[in-house]
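Colleague: sharing a model that was predicted from the sequence below.
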Protein chains: 2
Amino acid sequence: MSPAPPGVAIGIDVGGTKILGLLVGDGEEIVARAQVPTPHPEVPDLGSALADAIARLVGVIDDEVGSLAPVGIGVPGLVEGSSTLVFGPHLQSADRADLLSLLAVPLAGRAKLVANDADLAVLAEHRAGAAVGHDEVLLVTLGTGIGGGLISGGSPMRGAGFAGEVGHMVLDVNGPWCPCGSRGCWERFASGSGLGRIAREAALADRLSSVVASVGGDPEAVRGEDVTSAARAGDPEALVIFDEVGWWLARGLANLISILDPTCVIVGGGMAETAELLLAPAQRHLHALTEAAHVRVPLTLTSAHFGSDAGAVGAALAARDAS
Amino acid sequence: MSPAPPGVAIGIDVGGTKILGLLVGDGEEIVARAQVPTPHPEVPDLGSALADAIARLVGVIDDEVGSLAPVGIGVPGLVEGSSTLVFGPHLQSADRADLLSLLAVPLAGRAKLVANDADLAVLAEHRAGAAVGHDEVLLVTLGTGIGGGLISGGSPMRGAGFAGEVGHMVLDVNGPWCPCGSRGCWERFASGSGLGRIAREAALADRLSSVVASVGGDPEAVRGEDVTSAARAGDPEALVIFDEVGWWLARGLANLISILDPTCVIVGGGMAETAELLLAPAQRHLHALTEAAHVRVPLTLTSAHFGSDAGAVGAALAARDAS
């Protein structure tokens, strides 16, 4: 196969359940798409299993387009040296895996970098999506957990390397325990798993009768997807759940607005697919919860232009930059 | 009087109870010092009253040193255009006061800028204090409330203008009400007023017997200063209060470390005077509360080199820069 034309790159986004691969063209358009399941977090040698799955996914895209493009990889966790996943809350047994080295031979030098998924998503949105023209940007990825990517002064803001880990901001010191060891982290409330948890609590309290009936009568069987479908169909009890999750989203964003003062806040990740249900209540609550809202520049709160593809698009753009 | 030599400047720091003025020399040494009481927040036309008090304070310093230096002014609130206090939580009736214009005539053009007090404090610490050599710095001022100043990539990080307002980060959505309208803001717990509130709660629960006795037996009369004196004398019950406030300080810092990932965290403001009581418990709790502490660069947590003078020193340095 021939090398890909200049400006064309493959972006990989490792998620909790699937790994997404996109071939992105030189106008940031998505040319090809494929996915494979994420290896189970408890397989032996998860780092190698992730690298194998990524190499297989790249091979699928190569075969489809008939050329070999550079590859960028986003992962949900803390990354060191653009190569090593040092800490992945949902992929803990891959901690310290040097994915770039593991992929060097299988991808014949085409793997250019590994980076935090939300850092890549904000790169994509800032360069070609919903944050074009903004110098102060906060992107939150709402998926299994919550990640964050920051732009400040028009450039990526990473602190000593790991800035933007907003999901473990504690909002309720007496709240539900988080696997991280703290109580009441933001991602216990405003993520995809938070939606499911809040919905099951409501179901057990008999506040989601139609949804419970739709899953066969067991309140414990209610999942986020069930509430989402019901809310889309106009079920008032399901809409109350989205109002509650929207309040939690706004509460966390209000904290981050006090701390970071962005002009543009973007919601990405899997939950971006429910933006039409989530962002209206979040916006409604946000003004009341934001300190000194009346003196601030009005904020743009919007879903990611690239939706849940933003991380993979950013991975491709970063690979292009590094080529 | 003659103009001051180059590099010499006056820094003013408007606090909740007093206004501090310092003459700072070209080696960042403090040459002269004076203070006046802060006008009561409910006086008519607080903006003009503040300007009058500042002009009087500058006059005292002028008379003492016999020369006229440029002046910088720090205020506890949100500042626009280096001149206007647009929102001061503890000085609300001065909102929208253009202090720079109000001081133009009384100070004959020597007033160079108005800025947020914590932004000035972090400038002083970064340039000549405890954060020299660090590119990623968080400074928190613990006083009546909690303010914050940020350095990222070696430069001030202000977002759209108001970044670093860390005191109204909510940590306990069901916690005590804050005058800002939210519940459980960080400054309800880890500030000077938080120390007093937590101490009075402990006193009412009969957990501060010696301190209550020392103030005549009324638990409601206990102030932060009383607990501080008792803790310095080794009173075990008072030390437990500092452990509790230290936990809250660490809890908020752990959130900010996740979000900002600084390499250096500095505690300033009035409570910096109790650093020897507060920072040891905060440091002890911080490691356990920080997400992924084991993969991060070890953090420097320290009190401000300039102590509670940091804001005024920074105001002088900023005035020097602007002259």
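Modeller: Cool, the structure landed.
Colleague: A helix includes A:Gly181, no?
Modeller: No. Judged by DSSP: H, G, I helix; E, B strand; the rest coil, A:Gly181 forms no part of a helix; its state is coil.
Colleague: so what's it closest to, chain neighbours aside?
Modeller: Excluding its sequence neighbours, the residue lying closest to A:Gly181 (C-beta to C-beta, 6 or more residues apart in numbering or on different chains) is B:Ala288, at 7.6 Å. Just so you know, the C-beta spots here come from the backbone N, C-alpha and C atoms, and that holds for glycine as well.
Colleague: need the pLDDT of the one you found.
Modeller: Here, the pLDDT recorded for B:Ala288 equals 94.
Colleague: show me the contact partners of whichever strand or helix holds it.
Modeller: With elements taken from DSSP states H and E, the one containing B:Ala288 is helix B:275-289. With contacts defined as C-beta atoms under 8 Å, 6 or more residues apart in numbering or on different chains, helix B:275-289 is touched by A:181-182, B:228, B:231-232, B:239, B:242-243, B:245-247, B:249-251, B:253-254, B:267, B:271, B:293, B:299, B:301-303.
Colleague: circling back to that earlier point, can you count the residues close to the residue nearest to A:Gly181?
Modeller: The local packing of B:Ala288 (other C-beta atoms under 10 Å in any protein chain shown) involves 12 other residues.
Colleague: could you do A:Leu150 as well?
Modeller: 27.
Colleague: near the residue in the stretch 101-250 of chain A that chain B sits nearest to, how many other residues are there?
Modeller: Using C-beta to the nearest C-beta, A:Gly159 is the residue of the stretch 101-250 of chain A that sits closest to chain B, at 2.8 Å. For A:Gly159, the number of neighbouring residues by other C-beta under 10 Å comes to 26.
Colleague: repeat that for the one 3 residues further on.
Modeller: Residues near A:Phe162, counting by other C-beta under 10 Å, number 25.
Colleague: can you pull the contacts of it?
Modeller: So A:Phe162 contacts A:Leu78, A:Asn116, B:Asp261, B:Ala292, B:Val295, B:Arg296 (C-beta under 8 Å, 6+ apart).
Colleague: biggest separation within these, which pair?
Modeller: Taking C-beta to C-beta, the two most distant members of the contacts of A:Phe162 are A:Asn116 and B:Arg296; they sit 14.2 Å apart.
Colleague: so between the two, which is more surrounded?
Modeller: Between A:Asn116 and B:Arg296, counting by other C-beta under 10 Å, A:Asn116 is the more crowded of the two (28 against 20).
Colleague: quick one: secondary structure of the closest residue to that one other than its chain neighbours?
Modeller: Excluding the flanking residues, the one nearest A:Asn116 by C-beta to C-beta, 6+ apart is A:Val79, at 5.3 Å. At A:Val79, secondary structure determined by three-state DSSP is strand.
Colleague: list the contacts for A:Val79?
Modeller: A:Leu85, A:Val86, A:Val114, A:Ala115, A:Asn116, A:Gly161.
Colleague: near the second one, how many other residues are there?
Modeller: By that I understand A:Val86. The burial count for A:Val86: 20, using other C-beta under 10 Å.
Colleague: from memory it sits against A:Arg96, does it?
Modeller: Yes. Between A:Val86 and A:Arg96 there is a contact under C-beta atoms under 8 Å: 6.2 Å.
Colleague: what does the stretch 201-323 of chain A put close to chain B?
Modeller: A:251, A:254-256, A:258-263, A:288-289, A:291-292, A:294-297 (C-beta under 8 Å from any C-beta of the partner chain).
Colleague: tell me where the stretch 151-300 of chain A has strands.
Modeller: Using DSSP state E, counting those that start in this stretch, the strands of the stretch 151-300 of chain A run over A:155-156, A:264-268, A:300-303.
Colleague: re the thing from before, pLDDT at the residue nearest to A:Asn116, what is it?
Modeller: 96.
Colleague: cool, A:Glu64 as well?
Modeller: 95.
Colleague: what helix or strand does it sit in?
Modeller: Counting by DSSP H and E, A:Glu64 is found in helix A:46-65.
Colleague: got the buried residues for that helix?
Modeller: The neighbour-count check on helix A:46-65 (16 or more other C-beta atoms under 10 Å in any protein chain shown) flags A:46-47, A:49-55, A:57-58, A:61-62, A:65 as buried.
Colleague: where does A:Asp13 fall, helix, sheet strand or coil?
Modeller: strand.
Colleague: equivalent analysis for the one 10 residues further on, please.
Modeller: Assigned with three-state DSSP, A:Leu23 falls in the strand class.
Colleague: test my guess that it contacts A:Ala69.
Modeller: Yes. At 6.3 Å, A:Leu23 and A:Ala69 qualify as touching, with contact defined as C-beta under 8 Å.
Colleague: quickly list what's touching both of the two.
Modeller: In contact with both A:Leu23 and A:Ala69: A:Ala4, A:Val8, A:Ala9, A:Ile10, A:Ile61, using C-beta under 8 Å, 6+ apart.
Colleague: what bridges to the third one?
Modeller: Per DSSP bridges, residues listed as beta-bridge partners of A:Ala9: A:Val24.
Colleague: residue contacts, it?
Modeller: A:Leu23, A:Val24, A:Ala69, A:Pro70, A:Val71, A:Gly72, A:Ala316, A:Leu317, A:Ala319, A:Arg320, A:Ser323.
Colleague: are any of the residues you listed buried, and which?
Modeller: Using 16+ other C-beta under 10 Å as the threshold, A:Leu23, A:Val24, A:Ala69, A:Pro70, A:Val71, A:Gly72, A:Ala316, A:Leu317, A:Ala319, A:Arg320, A:Ser323 are the buried ones among the contacts of A:Ala9.
Colleague: show me the helices in the stretch 151-300 of chain A, by range?
Modeller: Taking DSSP state H, counting those that start in this stretch to define them, one finds helices in the stretch 151-300 of chain A at A:192-204, A:209-214, A:224-232, A:236-260, A:275-289.
Colleague: now, of these, which is deepest in the fold?
Modeller: helix A:236-260 (a mean of 23; mean count of other C-beta atoms under 10 Å in any protein chain shown).
Colleague: which helices and strands does that helix pack with?
Modeller: On a contact count with 3 or more C-beta pairs under 8 Å, 6 or more residues apart in numbering or on different chains; DSSP states H and E, helix A:236-260 meets strand A:137-142, strand A:146-152, helix A:192-204, helix A:209-214, helix A:224-232, strand A:264-268, helix A:275-289, helix B:236-260.
Colleague: hang on, the earlier thing: turn the contacts of A:Ala9 into JSON lines, including secondary structure.
Modeller: Converted to JSON lines, the contacts of A:Ala9 look like this (three-state DSSP):
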{"residue": "A:Leu23", "secondary structure": "strand"}
{"residue": "A:Val24", "secondary structure": "strand"}
{"residue": "A:Ala69", "secondary structure": "coil"}
{"residue": "A:Pro70", "secondary structure": "coil"}
{"residue": "A:Val71", "secondary structure": "strand"}
{"residue": "A:Gly72", "secondary structure": "strand"}
{"residue": "A:Ala316", "secondary structure": "helix"}
{"residue": "A:Leu317", "secondary structure": "helix"}
{"residue": "A:Ala319", "secondary structure": "helix"}
{"residue": "A:Arg320", "secondary structure": "helix"}
{"residue": "A:Ser323", "secondary structure": "coil"}
